[in-house]
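S.K.: model the following, please.
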Amino acid sequence: MRTPRGSTRRVRVAAIAALSCLVVLPVLVVAWSAIVVSRLAEENRNDTALVDTLKARLSALGGGVGGVGDGASVRSYLPGDTPAIAGAELQRLVTDIIGQTGAVVSQFEFVASEETDPAGGTVEMRILFHTSIEPLQKILFATETNTTALVVKSINIESLALDEEAPHASPTLRVLALVEGYWRRAER
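M.R.: Residues are numbered from 1 along each chain as shown. Okay, the predicted model is just below:
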């Protein structure tokens with residue numbers, strides 16, 4: 001039996017089309033995969049560069065680079081086995097921060113904590129000091145960005161300048177701040 005000429009051509013065309021699909025489709029998939037891999041590699045390089053930059057900035061701030069369990073989490077708390085020891089460390093930190101700007105500390109007062117957690121908690125201290133506007137900004141920035149967890153809970157600022165003083169001069173400010181620090185008992 002003889003097949004018509006047209007059906008033979010159709011079979012050939014169908015066979016060629018099927019073989020073409022078997023060759024072309026994998027080539028297209030490989031090309032697409034290569035494009036995706038190159039984009040992911042570029043994103044990975046960018047992310048790695050960003051992480052390296054952040055690590056360098058963190059090291060420059062004195063915080064170091066740490067993961068879980070290497071002591072990095074301990075640095076964010078005031079050390080001490082009791083609230084009194086943590087309070088002394090809080091006083092030292094705040095005195096150092098204020099002293100770096102040339103401000104004068106007039107008074108410290110610790111606020112009694114109502115927490116009874118033996119593993120840690122917060123300590124609060126009222127501090128009275130005299131400064132001017134720019135050093136006050138530096139003090140607040142250094143306190144809030146310190147590697148130890150410190151928070152300025154409240155602040156009262158009064159100008160000690162007289163009305164007759166030069167209007168463009170930076171006035172002396174009387175600052176009463178309530179600073180809170182978080183402490184955790186050292187693990188043994």
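
S.K.: now residue 17: which helix or strand?
M.R.: Secondary-structure assignment from DSSP states H and E places residue 17 in helix 5-60.

S.K.: against which helices or strands is the helix or strand following that helix packed?
M.R.: Sequence-wise, the next helix or strand downstream of helix 5-60 (DSSP H and E) is helix 83-99. Using 3 or more Cβ pairs under 8 Å, 6 or more residues apart in numbering; DSSP states H and E, the elements in contact with helix 83-99 are strand 104-111, strand 120-131, helix 133-144, strand 150-159, strand 173-184. Where C-beta positions appear, they are placed from N, C-alpha and C, glycine not excepted.

S.K.: that older thread, and the helix holding residue 17, how far out from the chain's middle?
M.R.: Its chain's average C-alpha position is 37 Å from that of helix 5-60, according to Cα atoms, centre = their mean, to the nearest Å.

S.K.: with stretch 177-188 instead?
M.R.: For stretch 177-188, the distance to the chain centre is 19 Å (Cα atoms, centre = their mean).

S.K.: how about residues contacting that stretch?
M.R.: Identification of contacts with stretch 177-188 by Cβ atoms under 8 Å, 6 or more residues apart in numbering yields 74, 76-81, 83, 86, 89-90, 93-94, 111, 118-127, 129, 143, 148-156.

S.K.: and stretch 100-110, by the same measure?
M.R.: So stretch 100-110 is contacted by 87, 91, 95, 98-99, 123-131, 135-136, 138-139, 142 (Cβ under 8 Å, 6+ apart).

S.K.: which PyMOL command selects the buried ones in the residues you listed?
M.R.: Buried subset of the contacts of stretch 100-110, written as a PyMOL selection, criterion 16 or more other Cβ atoms under 10 Å:
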select buried, resi 87+91+98+123+124+125+126+127+129+130+131+135+136+138+139+142
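
S.K.: buried only: go through the contacts of stretch 177-188 for me.
M.R.: Here, 16+ other Cβ under 10 Å leaves 77-78, 80, 83, 86, 89-90, 93-94, 120-127, 129, 143, 148, 150 buried among those.

S.K.: correct me, but residue 148 touches residue 76?
M.R.: Yes. With contact defined as Cβ atoms under 8 Å, residue 148 and residue 76 form a contacting pair (6.4 Å).

S.K.: what is the burial count for residue 160?
M.R.: 10 (other Cβ atoms under 10 Å).

S.K.: before we move on, what about residue 7?
M.R.: Residues near residue 7, counting by other Cβ under 10 Å: 9.

S.K.: identify the residues contacting it.
M.R.: Contacts of residue 7 (Cβ under 8 Å, 6+ apart): none.

S.K.: next: residue 132.
M.R.: In this structure, residue 132 makes contact with 170, 171, 172, 173, judged by Cβ under 8 Å, 6+ apart.

S.K.: ChimeraX command to pick out the buried ones of those residues?
M.R.: For the buried members of the contacts of residue 132, the matching ChimeraX selection, counting by 16+ other Cβ under 10 Å, is:
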select :173
